[in-house]
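1. My questions are about this predicted structure, shown below with the sequence.
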Amino acid sequence: MNKLKVLLPTTGLDIGGAETHVTELAKQLKEMGHQPIVMSSGGIYVDELQNYDIEHVQSPLNSKSPKDMLVSIKCFYDTVKQYRPHIIHTHGRIAALISRLISARLKVPFMTTSHALFTYRWPLKHLTFWGDEVIAISDDVKQHLINRFDVKKDKITVIPNGINMKRFSPDIEDNNIMKELSLREKSKKVVYVSRLDGPLAELAARVVEITPRLQEAFNDIEVIIVGDGEGLNKIKELASKIDNSHDIVKITGKRTDIHNILNIADAVIAVGRTAIEAMAIEKTVIIAGGEGYMGILSEQNFELALGTNFTGRGINTIESSHQLSQDIINLLQLPKEEIINRGKFFRDKVHQIYSVEETTRQTIEVYYKLLRGDSK
């Protein structure tokens, strides 16, 4: 297999499913002998890329301002001229718009990955460019591209975001995380991981607000909120109003060691990639996020959740804080044997579907399809 140079533009490299995916894809491409170059506005995963000797190019791809767009266009042009990539594989709307311009000017094949159900209202629909090949991370995203953006179905390949099964493993323990966060060894630990913006911040606030009820059900419980965003200060303020909050609610901000924090959880509240990572570590999961609510994930509703990339899109919405607290209580009261068996079921499924080695191999197949011109 010939060595490929792949430019991976994305909005940023802070906490988020797309951001983590780009990082893991770049690392795996490097391991397979290819040369990834990542371009973004920066973030906490830049150091991780550089530790793998992966080039990162700083560009304000998170900004729509005309001035920053011009900076990004010049940065894009200079980067493509310098590295001469075989392919531009873009993640994000602004990056895709600029990729389309540079691809046309410098004749470099351009493709995208769609990580979510993008807004299709005018004029955004007509300012969104997908390239000659498109990867959709789930079946519902593929259908959205066909129905709302008129993307031809033979140009779309469904490839889920890959998970590093070695990193997200129940066999890896880091006792330092317990000391760092001042966690108690015998407490029940509920972990919520997400960006803290919009509906996701509202859900994090619900998690904090129901903590007193969880205390009533379990004498020794700790709630750990991981993430950053505009809602962070509000969530800290809510937590401060709970009696003995410093002993019960831990708010960490953004972190790159998500695997270590998930590993100490008794229950994980998450969607999308984080939910999948938790399953890889054999954790019990509540599917709850900004696009839907499925409650407790089990063997019975796994396939239904899989079709939405574990977001619960179009299935249900959370109706009350009581619903969330009751699901957490029910989950934490499951028999130990059931928890163990469910965790092993989850890890086996994640390994079959999401291992980063397999998803990267599939992505490379799309790269060669694009280079052959099969999609023209």
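-> On my side now, so go ahead.
2. residues contacting Gln333?
-> By Cβ atoms under 8 Å, 6 or more residues apart in numbering, the contact list for Gln333 is empty. To be clear about C-beta, it is placed using only N, CA and C from the backbone, and glycine gets the same treatment.
3. neighbours around Thr317, how many?
-> If you count neighbours by other Cβ atoms under 10 Å, Thr317 ends up with 11.
4. Verify the stated contact: it with Gly295.
-> No: counting by Cβ atoms under 8 Å, Gly295 is not a contact partner of Thr317; they are 11.2 Å apart.
5. Mind jotting down where the helices sit in the stretch 201-350 of the chain?
-> 211-217, 232-240, 245-248, 258-263, 272-280, 302-306, 321-332, 336-354 (DSSP state H, counting those that start in this stretch).
6. Of these, which is nearest Thr128?
-> Proximity to Thr128 (Cβ to Cβ) singles out helix 272-280 among the helices of the stretch 201-350 of the chain, at 20.6 Å.
7. Could you list the buried residues of the lowest-mean-pLDDT helix or strand in the chain?
-> Using mean pLDDT, DSSP states H and E, helix 245-248 stands out as the lowest-scoring helix or strand of the chain, at a mean of 80. Across helix 245-248, burial judged by 16 or more other Cβ atoms under 10 Å covers 245, 248.
8. in which helix or strand would I find Asn62?
-> For Asn62, there is no host helix or strand (DSSP states H and E).
9. what domains does the record give for this protein?
-> As assigned by automatic domain parsing, the chain contains the domains 5-162+355-372, 176-353.
10. got CSV for these, with distance to Ser169 too?
-> Formatted as CSV, these follow (distance: least, Cβ to Cβ, whole Å):
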stretch, distance to Ser169
domain 5-162+355-372, 12
domain 176-353, 7
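11. among the ones you listed, which is nearest Pro170?
-> Nearest of these to Pro170, taken as Cβ to Cβ: domain 176-353 at 4.6 Å.
12. Can you give me the end-to-end span of that closest one?
-> 31 Å (Cα to Cα, to the nearest Å).
13. Alpha carbons of stretch 244-256, as PDB, please.
-> Taking C-alpha atoms only, stretch 244-256 is exported to PDB below (Å, rounded to 0.1, in the frame of the first residue of the first chain):
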ATOM      1  CA  ASN A 244     -21.100  19.500  51.400                       C
ATOM      2  CA  SER A 245     -20.800  19.900  47.700                       C
ATOM      3  CA  HIS A 246     -17.000  19.700  47.700                       C
ATOM      4  CA  ASP A 247     -17.400  16.100  49.000                       C
ATOM      5  CA  ILE A 248     -20.100  15.100  46.500                       C
ATOM      6  CA  VAL A 249     -19.800  17.000  43.200                       C
ATOM      7  CA  LYS A 250     -16.500  17.100  41.400                       C
ATOM      8  CA  ILE A 251     -16.200  19.400  38.300                       C
ATOM      9  CA  THR A 252     -13.000  18.800  36.400                       C
ATOM     10  CA  GLY A 253     -13.200  21.000  33.400                       C
ATOM     11  CA  LYS A 254     -11.800  19.700  30.100                       C
ATOM     12  CA  ARG A 255      -9.500  16.700  30.200                       C
ATOM     13  CA  THR A 256      -7.700  14.400  27.800                       C
END
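14. which other residues reach the least confident helix or strand of the chain?
-> In contact with helix 245-248 (Cβ under 8 Å, 6+ apart) are residues 211, 215, 221-223, 239, 242.
15. redo that, cut-off 10 Å
-> For helix 245-248, the external contacting residues (Cβ atoms under 10 Å, 6 or more residues apart in numbering) are 182, 184, 187, 208, 211-212, 214-215, 220-223, 236, 238-240, 242, 251.
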